[in-house]
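*Asks:* The following comprises the amino acid sequence and a computationally predicted model.
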Amino acid sequence: MNKPLTANQLSPATVAFQLDGQPIQAFEGESILGAAERHGVVIPRLCHSDTLRSDGNCRACVVEVTGERALAPSCCRSVTPGMQVLAKSLRAKKSRDMVLELLLSDMPEQGHKWLDDDPTQPHGELSQWAQREGVSVRPALRALRRAPTAPDLSHPAMAVNLDACIQCNRCQRACREEQVNGVIGLAFRGAHTQVVFDLADPMGASSCVACGECVQACPTGALMPKTHLGAQSVEKSVDSVCPFCGIGCQMTYKVKDNVIVSVEGRDGPANEGRLCVKGRFGFDYVHHPERLTRPLIRKPGVPKDPTGLLRERHWSEVFREATWDEALALAAGGLRTLRDEHGPKALAGFGSAKGSNEEAYLFQKLVRTGFGSNNVDHCTRLCHASSVAALLEGIGSGAVSNPVKDVAHADLILVIGSNPTNNHPVGATWMKNAALSGTRIVVADPRRTDLSQHAWRTLQFRPDTDVALLNAMLHVIVSEGLVDDAFARERADNVEALRANVAGYSPEVMAPICGIPAETIREVARAYAGAKAAMILWGMGVSQHVHGTDNVRCLIALATLTGQIGRPGTGLHPLRGQNNVQGASDAGLIPMMYPNYQRVTNAAAHDWFESFWKTKLDDQPGYTVVEIMGKCLAPDSDPHKVWGMYIMGENPAMSDPDLNHARHALASLDLLVVQDIFLTETAWLADVVLPASAWPEKTGTVSNTDRTVQLGRQALTPPGEARADLWIVQQIARGMGLAWNYEGEHDGVASVFEEMRQSMHAAIGGISWARLEREGSVAYPCLSEDDPGQPIVFHDRFPTPNGRVQLVPVDLIPANERPDADYPMVLITGRQLEHWHTGSMTRRSGVLDALEPEATASLNGADMARLGVRPGDTIEVRSRRGELRLMARLDEGTAAGSVYIPFAYVEAAANLLTNAALDPFGKIPEFKYCAVSVQSAGATNP
């Protein structure tokens, strides 16, 4: 990195030197370029970028240093005491002008720059600097222009035109050093040198993961997004936050004619300008022709068919268009009638982790004050509920202790049950950067993932044996005297009980169970305990088990016994899956907690919210996602039977386990109201469908996996009669008899935030709406306006009643369903890099669906050979709940005896197979383990 440095980022030490005869001060270690720019002296540069390592290869930034024969590249030359620099000397300017002219002479006459194009500056930064410096190309040089090359248009997202390449090397540094993908390089020699992808492959045939960092780095338009080719000037640039995973990358939408034409990464705290393929190229789903633009009401007599949810159907076969007044009257009136007839337990609501904090807060408030129960949940129940349960129990907080980027301060990183290069790609770049700097990465997972290429050790343990592996590591730490005794004594309870429990879990006993050699377990445990700073990050591979809470209890014990928490480069970090899972949970979109994790059974919290909301509240926890599905099918005599549901932005007809059961439950409701941007599989089963707003069409806050509250701003107007989600929730509330009146711009989003802030004062009390508009993002806890926020927590105490960790010993609990003769293999489900969650958004993105258009099942070569299957063949995968036919994909990272299926494809919905068995504490389903059979369904490859 070589961003311009500021005083608070550097040592207070300064260095005195002269710039063009004037005495000035540079910070210690600062480049000449950076110091000059801080003092108002602008020096041209082309190979330099603030986010990349300085390379000094273009020589457009050279300056004269008194006493030196050669001119010095100012971007990568540090200031030294007494140095005399001449940036404006005739010699330096002539050299820089010559570089600009020679490069400009080789450019195609038509420009290729894509961002904020100006016809007078057809070659991007090169044209800009040439104009600023008064440089033009002499005809004699233009005549020597290099021979043109054909553009490479093989990639769905990006265009390559090497005619415009100046070989500044920014794309290579962005690919190899920033994103650490290793695709772009330089090949050949002399005048034939050129940028290549892998072994000079077409970009579309290379191993490129389409992060687009090279596009953002390119100064001339040699690399461009296909959505923004040529001289497409934009009308406005709007700052927002990525709507996909929980990393929370900041971005800027480039908009023309109410259409997003491209996206740039922004210098946010989580991403520093980086994006992945979804964030950079997955934005066009908002413009898809299947967007809902008018309210829909199910036609009389049209049955709810849970078996006919394929997206090829036309909405008019099932629904008719309606006015907003009619749809809202039917939705709110119907819900109110069911509540009045059957009691407050008769209704339930699923909110969304894809929307804003304000929407989540209002939605849970509606269920609690309007429906009359705590039957409200969202997708956290399907991803990290067990993590939150264990963290609340053990350390008093369900949030992360350290941000992802803190891996830069770690000596060792343990990544378990997570595939960050696919699920959190920008987060993975920080891990890969750390590895390049010498940090040891340990990857523990039943699948060998891409991050293993950068790992010091890979522990490919057998599925379902997390506790065996982790207890064996704890055994080593206890038995070999590696416990941080002072930390354990002063900051933890139940240490002796844990010591006694792990005594029987030696690596030698656990090795045959988990499949990792005993000596490797010992080596990794010693390395973790002995590191100056070690950090644990995990994903749904840890949480989505019937023993998911136990898995996380073990991770808490690892960090606690070794004192690896409360300092930079240490701690516990459950990587959040969706963009606002953290914020939606914080805001109370869960059945047993009010906002800020205050239990509904806590009398003081219950009374406070009754007073705050001026409404009688239920004092018993509501039902969770999977439990609600069961209650939808309960007999009419059950007083807790769920008769009606309101679902905002969730798609349980694709995301729930045992989908046949879940879809049957949804179809059995007397009234289902769905609020979404597309006719999702869940919406096909609705009685009323309300057209909502996509993320770029709204203003609101989200909280990322790092506990950072970030402001997203509206860039587009919703299509047709689609309305902001916040407006719709308020209309439903009014129809339920609630006198809500949140006034202000964007349907009162600021006033909703301020109310939410009051109910979550211990977390976000210092984050006002005005502060967010000013700063854009603030980490919590933040208790006052002058508090900068606390990215790292638990320095000296934990937010438990006594300030100490509550350790919980655990034993082996097997999966609910084990392989047998009929179902001899194990199914693991998850995500892909290009697709996200149920695919309702990403599969409607042209670029993303072009990159991964077909459902696949990954098997290793040995299993393929045993089954008589080749890559590309169709296979049939069966469980006790359903069957799928899909394409076989060779993946040697998938262990023998297991099969991996992404769950984003409605035509081959993985959750038709998965088991609804629940973790008893987190009430999360066991998505990551069920027994299946696999067989060939016929060859499709010649």
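*Replies:* Thanks, I have it. Numbering: from 1, shown residues only.

*Asks:* Distance from stretch 95-106 to the middle of the chain?
*Replies:* Centre-to-centre, stretch 95-106 and its host chain are 42 Å apart (CA atoms, centre = their mean, to the nearest Å).

*Asks:* per-residue pLDDT, the most centrally placed residue in the chain?
*Replies:* Nearest to the geometric centre of the chain sits C245, at 2.0 Å (CA atoms, centre = their mean). pLDDT recorded at C245 is 93.

*Asks:* Going forward, count from 7.
*Replies:* OK, 7 is where the count begins now, so the last one is C251.

*Asks:* My read is that it contacts N429, right?
*Replies:* Yes. Counting by CB atoms under 8 Å, N429 is a contact partner of C251 at 6.3 Å. Every residue, glycine included, has its C-beta placed from N, CA and C.

*Asks:* Please name the nearest non-neighbouring residue to R304.
*Replies:* Closest residue to R304 apart from its sequence neighbours, by CB to CB, 6 or more residues apart in numbering: D693 at 4.9 Å.

*Asks:* so where's the longest helix in this structure?
*Replies:* helix 330-348 (DSSP state H).

*Asks:* CA atoms only for the helix or strand in which K99 is found, dumped as PDB, please.
*Replies:* Assigned by DSSP states H and E, K99 belongs to helix 96-111. The C-alpha trace of helix 96-111 is given here as PDB (Å, rounded to 0.1, in the frame of the first residue of the first chain):
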ATOM      1  CA  LEU A  96      13.500  22.000 -16.500                       C
ATOM      2  CA  ARG A  97      15.400  18.700 -16.600                       C
ATOM      3  CA  ALA A  98      12.700  16.900 -14.500                       C
ATOM      4  CA  LYS A  99       9.800  18.400 -16.500                       C
ATOM      5  CA  LYS A 100      11.400  17.600 -19.900                       C
ATOM      6  CA  SER A 101      11.900  14.000 -18.800                       C
ATOM      7  CA  ARG A 102       8.300  13.600 -17.500                       C
ATOM      8  CA  ASP A 103       6.900  15.300 -20.600                       C
ATOM      9  CA  MET A 104       8.900  12.900 -22.900                       C
ATOM     10  CA  VAL A 105       7.400   9.900 -21.000                       C
ATOM     11  CA  LEU A 106       3.900  11.300 -21.400                       C
ATOM     12  CA  GLU A 107       4.400  12.000 -25.100                       C
ATOM     13  CA  LEU A 108       5.900   8.700 -25.900                       C
ATOM     14  CA  LEU A 109       3.100   6.800 -24.200                       C
ATOM     15  CA  LEU A 110       0.500   9.000 -25.700                       C
ATOM     16  CA  SER A 111       1.900   8.400 -29.200                       C
END
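
*Asks:* which residue ranges form the helices in the stretch 557-706 of the chain?
*Replies:* 587-592, 609-619, 631-638, 658-661, 665-673 (DSSP state H, counting those that start in this stretch).

*Asks:* Any chance of JSON lines for those, columns mean neighbour count?
*Replies:* Listed next are the helices of the stretch 557-706 of the chain as JSON lines, based on neighbours: other CB atoms under 10 Å:
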{"stretch": "helix 587-592", "mean neighbour count": "30"}
{"stretch": "helix 609-619", "mean neighbour count": "14"}
{"stretch": "helix 631-638", "mean neighbour count": "22"}
{"stretch": "helix 658-661", "mean neighbour count": "26"}
{"stretch": "helix 665-673", "mean neighbour count": "22"}
